[in-house]
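A.B. asks: 3D model of this:
(one chain, ligands or ions: 1)
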Amino acid sequence: MEQGTTRAPAGITWKLVLRMLLISTVAAFAQTASTSSCTQCLMWNQPQPPFRIFGNTYYVGPRGLSSVLITSEAGHILIDGALPESAKQIAANIKSLGFRVEDVKVILNSHVHFDHAGGISELRRLSGARVLASVWSAAVMRSGTVGRGDPQFGTVPPIAAIQDVHEIRDGESVTVGSIALTAHLTPGHTPGGTSWTWRSCEDNVCHDIVYADSLTPVSAPGFKFTNSRNDPHALKDFEKSFAFLESVPCDVLITVHPEFSGFWERVDVRQRGVAPDPMVNPSACRDLAHRAREQLRRRVEEERGPSRKPN
Ligand SMILES: [Zn+2]
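C.D. replies: Prediction:
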C-alpha cells in the first residue's frame with residue numbers, strides 16, 4: 001500500500017470536486033460496505049478502459065492500480081490483481097479486449113499488499129491460472145495474513161488466502177507460449193517485492209518492458225528501516241533494488257501505481273499523436289531509482305535524527 005498516490009484525470013475541475021467529496025465520504029462508507037476500507041480505494045478503483053501499452057502488453061487495471069496482461073497464442077500472463085473489488089473489472093477489461101479470462105495461464109504479483117494482490121484470489125478462481133510469487137510473498141499468500149517482516153504490519157489488511165501458490169526465485173523465468181517473463185527480487189517496500197521484465201515486439205520493433213514494484217519506504221508507526229528486528233536487512237534490500245533499476249534494460253517502464261512513473265501523462269501525450277512514442281524512455285528506470293533513493297535517504301535521516309555538527 002502507498003500513501004497519497006492517486007491523481008484524478010488532469011484538467012477537469014468538477015473531477016477535483018468529486019475527489020474531495022469522495023475523500024470526505026470514504027470513512028463512513030468503509031464502515032458499512034464490503035469493499036476495501038482505505039481512504040484511496042474508491043479512487044484507485046475508478047474504471048479505466050483497457051488499452052495496448054505496446055505489442056502484446058495491455059493495461060487492464062483500474063485507473064489507480066496497475067494490472068498488466070501479456071498475451072500469446074497459447075495463453076496469457078497477468079501481473080497483479082489490484083484490490084479485491086477490482087477483480088471483476090480486470091476480468092471485464094480482459095474480455096473487452098477480445099481475450100478470454102480462462103486463457104490466463106499464470107498470475108504474478110509485485111508485492112503482497114491488498115491493493116496489488118487483493119484481487120488475485122478471485123482472478124485465479126475465474127481463470128484457473130497458476131499463481132507464482134517470491135518465496136516470502138508466497139508464504140504470506142498461503143497464510144492469508146500480513147507477513148511479520150512487512151514494514152506496514154499492523155496497518156494493512158490481509159488478503160484472501162491462496163493455497164496453491166508456486167514459488168519463483170530471483171532471475172528465474174516463467175513462460176507461456178512465446179512469452180517469457182523474468183522475476184527480479186526488488187525488496188524494500190516489502191521483503192518479498194518482485195519486479196518483472198519481458199520483451200514485446202510490434203511492427204518489427206522490440207522493447208524491453210519493466211514492471212517495477214514499489215520502492216517507497218512506507219511503514220506502520222514505530223517501524224524503523226534503520227533498525228527493525230523483523231526486517232533487519234531493509235536498507236541492504238533497498239540498495240539491491242535500486243541497483244537493479246539502475247542497470248536493467250528498460251525501454252518501457254510500468255509502475256504498480258501508474259502515477260509513480262508519470263504513466264497517464266505519457267498515455268495522454270501519446271494519444272495526441274506525439275512522436276517519438278512518449279511511452280518509450282530508456283532512462284525511466286534510472287530516474288525512478290533516483291527518486292526512490294532520495295525518498296529513502298530522507299526517511300533514514302528522519303529516523304536517525306539531525307546529524308551532530310562538530311564543535
Ligand atoms: Zn504496498
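A.B. asks: give the contact list for the closest residue to the ion within the stretch 1-150 of the chain.
C.D. replies: Nearest residue of the stretch 1-150 of the chain to the ion (Cβ to the ion) works out as residue 113 at 3.6 Å. For every residue, glycine as well, the C-beta is placed using N, CA and C. Neighbouring residues of residue 113 by Cβ atoms under 8 Å, 6 or more residues apart in numbering: 1, 152, 156, 159, 190.
A.B. asks: Redo those as CSV? Include neighbour count, secondary structure and pLDDT.
C.D. replies: Shown next, in CSV, are the contacts of residue 113 (neighbours: other Cβ atoms under 10 Å; DSSP: H, G, I helix; E, B strand; the rest coil; pLDDT from 0 to 100):
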residue, neighbour count, secondary structure, pLDDT
1, 24, coil, 68
152, 18, coil, 96
156, 19, coil, 94
159, 26, coil, 95
190, 31, coil, 97
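A.B. asks: and the next element down the chain from the helix-or-strand element of the chain with minimal mean pLDDT?
C.D. replies: Using mean pLDDT, DSSP states H and E, helix 13-32 stands out as the lowest-scoring helix or strand of the chain, at a mean of 36. Helices and strands here follow DSSP states H and E; after helix 13-32, the next one along the chain is helix 41-44.
A.B. asks: how far is that next one from where the chain is centred?
C.D. replies: Centroid separation between helix 41-44 and its chain, computed with Cα atoms, centre = their mean, to the nearest Å, is 15 Å.
A.B. asks: Extract the C-alpha trace of it and format it as CSV.
C.D. replies: Backbone C-alpha positions of helix 41-44 (Å, rounded to 0.1, in the frame of the first residue of the first chain) are rendered in CSV as follows:
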residue,chain,number,x,y,z
CYS,A,41,-9.6,2.7,-2.5
LEU,A,42,-12.6,4.2,-4.3
MET,A,43,-10.3,6.5,-6.3
TRP,A,44,-7.8,3.7,-7.1
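A.B. asks: just checking, residue 245 is part of a helix?
C.D. replies: Yes: under DSSP: H, G, I helix; E, B strand; the rest coil, residue 245 sits within a helix.
A.B. asks: Residue 273: neighbouring residues, count only.
C.D. replies: Using other Cβ atoms under 10 Å, residue 273 has 6 neighbouring residues.
A.B. asks: which residues are in contact with stretch 212-219?
C.D. replies: Here stretch 212-219 has contacts from 1-3, 110-111, 151-152, 186, 188-189, 193-195, 225, 238, 241-242, 245, 253-257, 260-261, 285, 288-289, 292, 295-296, 299, using Cβ under 8 Å, 6+ apart.
A.B. asks: Kindly report the same for stretch 99-110.
C.D. replies: So stretch 99-110 is in contact with 69, 71, 74-81, 91, 94-95, 116-117, 120, 123-124, 126-133, 137, 141, 174, 176, 181, 183, 193-196, 211, 213-214, 256, going by Cβ under 8 Å, 6+ apart.
A.B. asks: so where's the stretch 1-150 of the chain uncertain?
C.D. replies: 1-35 (pLDDT under 70).
A.B. asks: quick one, strands of it?
C.D. replies: In the stretch 1-150 of the chain, the strands defined using DSSP state E, counting those that start in this stretch lie at 51-54, 57-59, 68-70, 76-79, 104-108, 130-133.
A.B. asks: Out of these, which one sits most buried?
C.D. replies: Counting by mean count of other Cβ atoms under 10 Å, strand 76-79 has the highest mean neighbour count of the strands of the stretch 1-150 of the chain, with a mean of 28.
A.B. asks: Provide the strand pairings for that one, with the direction of each partner.
C.D. replies: Here strand 76-79 is paired, per DSSP bridges, with strand 68-70 (antiparallel), strand 104-108 (parallel).
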